[in-house]
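Visitor: Any chance you can model this:
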Amino acid sequence: MPDEFRSLKGQLLLDSGQLRGSFFHRAVVLICEHNAEGAFGLVLTQKTENKAADVLLGDLPDKLKEHPLFLGGPVQPSALSYLHSDTFIPDANVISNVTLGHSLEGLVDIASSFSTAQEIKLFAGYAGWSGGQLEGEMKRKAWLTHPASIELIYNSEPGELWQSILREKGGTFRLLAEMPDDLSAN
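Guide: Okay, the predicted model is just below:
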């Protein structure tokens with residue numbers, strides 16, 4: 001009997017320690033879409049030196065110009081994606097009150113609106129998996145899962161997120177978090 005499909009949408013994927021040497025070494029990926037045809041995610045741990053105004057063409061609202069840009073993954077590095085959250089988003093499509101968008105026009109509309117609770121995170125590129133590929137990686141235990149939250153998406157230090165979540169999980173995960181990046185330094 002084939003395994004029943006289980007969507008990982010709304011989960012964080014963490015490198016289980018098996019992805020050394022790859023783009024995903026010590027990465028945390030938010031899975032935004034996942035179905036039998038494949039998965040789409042955004043890497044939360046790859047902050048670039050660029051700001052929105054450095055790479056996006058067009059008349060950007062002032063509050064958007066200084067937003068940092070994250071490298072969302074190795075696929076289509078020129079593709080724009082963004083995560084938007086606010087106090088209440090009835091049609092949120094990732095997790096409660098967090099929605100995924102791709103259009104510059106939609107991003108400008110969101111950034112032009114007035115909301116003190118609004119959060120935006122910008123990404124160039126994305127992480128993508130074809131049908132069955134992510135499930136295969138999960139079977140090989142390449143990834144650990146953790147529930148996504150607004151706090152982890154927007155209010156965590158990108159360079160410390162992987163270790164922070166593993167420490168929170170405790171036990172052997174804590175040991176993984178404390179392992180040196182370069183094993184020869186051990």
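Visitor: alpha carbons only for contacts and neighbour counts from here, please
Guide: Fine.
Visitor: mind listing what T45 touches?
Guide: Shown in contact with T45 (Cα atoms under 8 Å, 6 or more residues apart in numbering): 27-29, 70, 158-162.
Visitor: Which strands and helices lie in contact with the lowest-mean-pLDDT helix or strand in the chain?
Guide: The weakest-scoring helix or strand in the chain, judged by mean pLDDT, DSSP states H and E, is helix 62-65 (a mean of 87). Packing partners of helix 62-65 (3 or more Cα pairs under 8 Å, 6 or more residues apart in numbering; DSSP states H and E): helix 52-55.
Visitor: Contacts made by the helix it packs on with the rest, please.
Guide: Identification of contacts with helix 52-55 by Cα under 8 Å, 6+ apart yields 60, 64-69, 122.
Visitor: try it again with 10 Å
Guide: With Cα atoms under 10 Å, 6 or more residues apart in numbering as the contact definition, helix 52-55 has outside contacts at 59-70, 78, 122-124.
Visitor: now do stretch 160-167
Guide: 12-16, 25-29, 44-45, 144, 146, 152-153, 155-158, 169, 172-179.
Visitor: helices or strands next to the next helix or strand after the least confident helix or strand of the chain in the packing?
Guide: Next along the chain after helix 62-65, taking DSSP states H and E as the criterion, comes strand 68-71. Judged by 3 or more Cα pairs under 10 Å, 6 or more residues apart in numbering; DSSP states H and E, strand 68-71 is in contact with strand 38-43, strand 47-51, helix 52-55, strand 75-85, strand 119-130.
Visitor: Would you convert these into a markdown table that also reports mean neighbour count and distance to M138?
Guide: Converted to a markdown table, the helices and strands packed on strand 68-71 look like this (neighbours: other Cα atoms under 10 Å; distance: least, Cα to Cα, whole Å):
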| stretch | mean neighbour count | distance to M138 |
| --- | --- | --- |
| strand 38-43 | 23 | 12 |
| strand 47-51 | 14 | 25 |
| helix 52-55 | 15 | 34 |
| strand 75-85 | 18 | 20 |
| strand 119-130 | 20 | 12 |
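Visitor: Which of these sits closest to E137?
Guide: Nearest to E137, of all the helices and strands packed on strand 68-71, is strand 119-130, at 9.9 Å by Cα to Cα.
Visitor: Alpha carbons of that closest one, as PDB, please.
Guide: Output of strand 119-130 as PDB, limited to C-alpha atoms (Å, rounded to 0.1, in the frame of the first residue of the first chain):
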ATOM      1  CA  GLU A 119       5.300  42.600   8.200                       C
ATOM      2  CA  ILE A 120       6.900  42.000   4.800                       C
ATOM      3  CA  LYS A 121       9.900  39.800   3.900                       C
ATOM      4  CA  LEU A 122      11.300  39.900   0.300                       C
ATOM      5  CA  PHE A 123      13.000  37.000  -1.500                       C
ATOM      6  CA  ALA A 124      14.900  36.500  -4.800                       C
ATOM      7  CA  GLY A 125      14.600  32.900  -6.000                       C
ATOM      8  CA  TYR A 126      13.000  30.000  -4.200                       C
ATOM      9  CA  ALA A 127      13.500  26.400  -3.300                       C
ATOM     10  CA  GLY A 128      11.500  23.900  -5.400                       C
ATOM     11  CA  TRP A 129      10.900  20.200  -5.500                       C
ATOM     12  CA  SER A 130       9.200  18.200  -8.200                       C
END
